[in-house]
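Student: The following comprises the amino acid sequence and a computationally predicted model.
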Amino acid sequence: MKKIVISTALLAGVLSYAGGFRVSLQGVKQLAMAHTSAHAEDASVTFFNPAGMSFIPSKLSVAAGGFGINSKVTYQNLSTLESYSTDNPMGTPIYAAVAYKVLDNLSLGFNFSTPYGSSVKWPDNWAGKEIVQNIELKAFYFQPMVSVKLSPWVSVGASYIYAKGTVDWTKAVTQLGGNLNLKDDKASGHGFGLGFYFRPEEKLDVSIAYRSPVYMNADKGKATFNISQALYSSVKLDANGQDNFKAVLPLVDEYTIGVTYKITPKWQVSGDFNYYGWEKYNKLTLDFENALAGNQADDPTKNITPKNFHNSKAFRIGTQYMITDKIAGRLGYYHDESPYDNAHFSPETPSFDANVMTGGLGFKFNKLGVDVSGAYSFQKSRDISNAFYNFYGQAKARAFYFGLGLSYNAF
């Protein structure tokens with residue numbers, strides 16, 4: 001029997017229309033200003049830089065929010081002109097954060113966020129069905145953190161990252177007359193964050209932050225083959241048509257430099273530069289316990305898929321203007337690079353160079369803040385030439401984001 005080639009996207013973030021599978025939606029106020037980071041008005045700064053807690057203008061600050069994501073990817077075979085589009089459910093990333101000044105120069109905080117996750121759903125019988133039919137990912141970051149103010153104008157901070165993830169991915173296996181589902185709801189990993197936050201004068205904020213890679217270990221995955229029972233023994237499956245598998249996926253490191261400058265008391269401009277270490281993701285190995293479902297001659301239970309990602313960058317610029325003392329207007333733009341070229345395009349993690357326009361409003365009600373934001377992603381089409389998958393054609397995408405956030409600076 002021929003070896004089954006399984007091109008897996010285990011735990012790969014599937015809202016990946018821009019920079020790999022990183023979802024930049026961790027602050028509603030920040031998104032309205034191109035998701036820039038040098039903003040220390042409330043606890044939402046904790047995800048971007050733990051050191052920023054020291055400059056929050058209250059002893060206790062709480063922030064929370066959520067987003068809706070409407071996205072679509074279209075693929076066309078340029079030879080046959082057959083065309084297929086995704087029917088993705090709405091993605092709903094969320095975040096919550098709290099920061100508390102224990103002492104004048106010591107702050108503690110906690111941040112919960114979903115920096116990786118969403119879903120992609122292709123038609124069951126589309127041209128790439130043996131690569132993916134549908135995939136759903138949820139990845140959660142839990143980050144306790146501390147910040148120390150070294151002087152009135154500079155602070156340092158650090159966070160511990162515990163990551164928890166689930167994946168549910170289905171693809172066709174036409175050689176066996178059915179499909180395969182890969183599922184794991186207990187993947188986990190660990191990492192850390194470091195940062196410095198500077199305010200050398202009241203008009204200027206500077207944020208420098210690093211987030212380490214997190215290696216997500218899926219040690220208890222379950223592979224279910226929905227095929228004829230007569231084939232179970234030849235593929236070496238159990239009586240339920242199942243087998244166990246293991247895999248590791250790197251959620252890569254990030255370097256960020258952010259600056260906010262107050263041109264006037266009402267008007268400020270922000271800019272960010274992000275650098276992502278995607279070259280760590282050069283291949284993905286799926287190791288079955290018994291199933292002959294690999295692509296390696298010396299070990300038919302192991303599947304290795306080349307990814308060949310390269311490091312990428314994002315450039316962001318945003319602005320805020322206080323229309324009144326209680327209402328802020330915000331705009332932004334950012335460019336996010338895809339970390340792989342056309343020869344490595346894969347529809348389970350579709351990624352495009354993106355130009356994103358953002359905007360939103362902020363409202364102040366004494367100590368309570370309410371923020372709304374939206375963004376539209378203009379994504380450059382791709383001419384696909386992936387020889388490993390034998391997958392060729394053209395892909396286009398678009399995505400729209402909207403968010404609602406609340407913040408409360410207690411005292």
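Tutor: That came through fine. It should be emphasised that the depicted structure is a prediction, and the values quoted were computed from it without experimental measurement.
Student: Report the separation between residue 326 and residue 73.
Tutor: Using CB to CB, to the nearest Å, one gets 40 Å for the distance from residue 326 to residue 73. The way it works is simple: take the backbone N, C-alpha and C, and place the C-beta from them, glycine included.
Student: For these two, indicate the residue with more neighbours.
Tutor: residue 73 (21 against 11; other CB atoms under 10 Å).
Student: Does that one lie in a helix or a strand, and which?
Tutor: Per DSSP states H and E, residue 73 falls inside strand 60-76.
Student: tell me the average confidence for whichever helix or strand comes after that strand?
Tutor: Later in the chain than strand 60-76, the nearest helix or strand by DSSP H and E is strand 83-85. Average pLDDT, strand 83-85: 96.
Student: How about stretch 141-149?
Tutor: Average pLDDT, stretch 141-149: 98.
Student: Now tell me what touches it from outside.
Tutor: The contact list for stretch 141-149 (CB atoms under 8 Å, 6 or more residues apart in numbering) reads 46-47, 50-54, 104-115, 155-164, 193, 197.
Student: Could you rerun that using 6 Å?
Tutor: Applying CB atoms under 6 Å, 6 or more residues apart in numbering, the external contacts of stretch 141-149 come out as 50-51, 53-54, 105-113, 115, 155-157, 159-163.
Student: Over to stretch 163-183?
Tutor: With CB under 6 Å, 6+ apart as the test, stretch 163-183 has contacts from 4, 10-11, 129-130, 132-141, 184-185, 187-189, 214, 216, 222-227, 231.
Student: likewise stretch 344-361?
Tutor: Identification of contacts with stretch 344-361 by CB under 6 Å, 6+ apart yields 9, 12, 16-18, 20-21, 31-32, 34, 73, 128, 131-132, 135, 308, 330-338, 372-373, 375-380, 382, 384, 386, 397.
Student: Out of the residues you listed, which sit inside strands?
Tutor: Using DSSP state E, 73, 135, 330-336, 372-373, 375-379, 382, 384, 386, 397 are the members of the contacts of stretch 344-361 that sit in strands.
Student: Low-confidence stretches in the stretch 151-300 of the chain?
Tutor: Within the stretch 151-300 of the chain, no stretch has pLDDT under 70.
Student: just the strands in it please.
Tutor: Assigned by DSSP state E, counting those that start in this stretch, the stretch 151-300 of the chain shows strands spanning 154-173, 178-201, 204-211, 214-226, 242-251, 254-262, 267-276, 283-288.
Student: burial of the closest residue to residue 220 other than its chain neighbours, as a residue count?
Tutor: Spatial nearest neighbour of residue 220, excluding adjacent residues (CB to CB, 6 or more residues apart in numbering): residue 186 at 5.1 Å. Number of residues near residue 186 (other CB under 10 Å) recorded here: 12.
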